[in-house]
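kindly generate the corresponding structure for this input.
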Amino acid sequence: MTADSSLRYGVAACQVDQPNPESRREIYRSTDRMIEMIDMAVTGYRPFTDVRLIAFPEFAHAAPIYPTANSLLAKLTVPIPNEHTERYVAKARELGIYIQTGSFLEEDPKWPGKVFNATCLVGPEGILSKYRKVNPWIPWEVHASPHDLDGYDEELFPVAATPIGRIGAAICYDWIFPEPLRQLTANGAEILVRVSAYMDPWGATPPMDWWTVVNRCRALENTAYVVGANQGASLCHYAPFSWPGGSMIVDFEGRILAQADPGPGEKIVVTTIDLRALRHERRRRSAHLGLAHLRSEAYPMYKRSYFPSGRLTEAGNQTFEMNEKLIAEARSAAGSEQAEGLK
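Now for the predicted structure:
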């Protein structure tokens, strides 16, 4: 493979529509289907482009259908690595590709009683990075943010250097905050992968269309490609929400290069990206280069904490009610600061 072909290649954003597993043994069904979709993307689009990067959505292996961390640990969590990631590694080696897995509900003996919402970047070399969702969609998600654990010493925003570029991922609600994607960019990311389960009415259609607005904004403000894989499960599969899909790839100017038509269902959308063009723009520009122009000292709000770290380290079973309490405390702190600013 030439240097040119390793930097200009096909990317596939895949969305799934599988019945939600109720137990670990049912996760295999979801993995089986995603392995099939990987083959479809690589083989089907071979006359047009060499698909080298494939991304899947949040909750592709299992959604958190149980209301407490303890119940998820009993029925749906898995360690990483696991038998599913081993299958993705084998497929990556077979096809010479990179796979951003759909998210897992992860257990880790280092953090007993905690559940992480995690996605892995897998390549022929093995698991290259693991990202744990820093901003769970509280109050409903009873997952632990690594930010909330004292002594957590792993990189919060890992970026993997690969032959096809530097790749970082963040999960769904993370993208409503500009900071996670800015930090991934500061850590070297050229491709930002959105592993997402964005439900109606905030999905891929007007009048909200948050999905599209946010993906385009994060791409242009970070001068990076965005590969967004959104959950496409129908209401009967992933109740209580319907999932509008609309998976897309966006270039570093915020242009949509390809997008699945909005609506539930399995879909694969493919386009070609060019890392040479991205790198040229980052080297050449003196305008519209957000990270280089960031006046970080101008924002004193970042010197204080709104949702303080370390608060879940010793807490017991994480529940919806616990999340509600933490949200109320954070809202009170933010409200006090806002009131102070009006004096």
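
tally of neighbours for Lys303?
By other CB atoms under 10 Å, 7 other residues sit near Lys303. Backbone N, C-alpha and C define where each C-beta goes, glycine included.

also Tyr302?
Quick note: Tyr302 (other CB under 10 Å) scores 11 neighbours.

same check, this time on the one 4 residues further on
Burial measure for Tyr306: 12 neighbouring residues, criterion other CB under 10 Å.

ditto for Ala189
By the measure other CB under 10 Å, the count of residues near Ala189 is 26.

identify the residues contacting it.
By CB atoms under 8 Å, 6 or more residues apart in numbering, the contact set of Ala189 is Val159, Arg166, Ile167, Gly168, Asn222, Ala224.

which one of these is nearest Trp137?
Closest approach to Trp137 among the contacts of Ala189 (CB to CB): Gly168, at 19.9 Å.

mind listing the strands the helix or strand harbouring that closest one pairs with, and their directions?
Secondary structure assignment for Gly168, by DSSP states H and E: strand 165-171. Neighbouring strands of strand 165-171 in its sheet, by DSSP bridges, are strand 159-162 (antiparallel), strand 191-196 (parallel).

what are the buried residues along the helix or strand following that strand?
Following strand 165-171 in sequence order, the next helix or strand is helix 178-186 (DSSP H and E). Across helix 178-186, burial judged by 16 or more other CB atoms under 10 Å covers Pro180, Leu181, Arg182, Gln183, Leu184, Thr185.

skip the chain neighbours and tell me the closest residue to the fourth one.
This means Gln183. Counting by CB to CB, 6 or more residues apart in numbering, Gln183 lies nearest to Phe157, which is 4.6 Å off, once chain neighbours are set aside.

before we move on, what about the last one?
What sits nearest to Thr185 in space, not counting adjacent residues and going by CB to CB, 6+ apart, is Asn222, at 4.3 Å.

residue contacts, that neighbour?
Leu181, Arg182, Leu184, Thr185, Ala189, Leu192, Phe252, Gly290, Leu291.

between the residues you listed, which is nearest Glu58?
Glu58 lies nearest to Leu192 out of the contacts of Asn222, by CB to CB, at 14.7 Å.

bridged to the closest one, which residues?
Beta-bridge partners of Leu192, counted by DSSP bridges, are Gly168, Val226.

tell me how far it lies from Ala63.
Computed as CB to CB, to the nearest Å, the Leu192 to Ala63 distance reads 23 Å.

more crowded one of these two?
Each of Leu192 and Ala63 has its neighbours counted (other CB under 10 Å); Leu192 has more, 26 against 22.

pretty sure that one sits against Tyr225.
Yes - in this structure, Leu192 is within contact of Tyr225 by CB atoms under 8 Å, at 6.9 Å.
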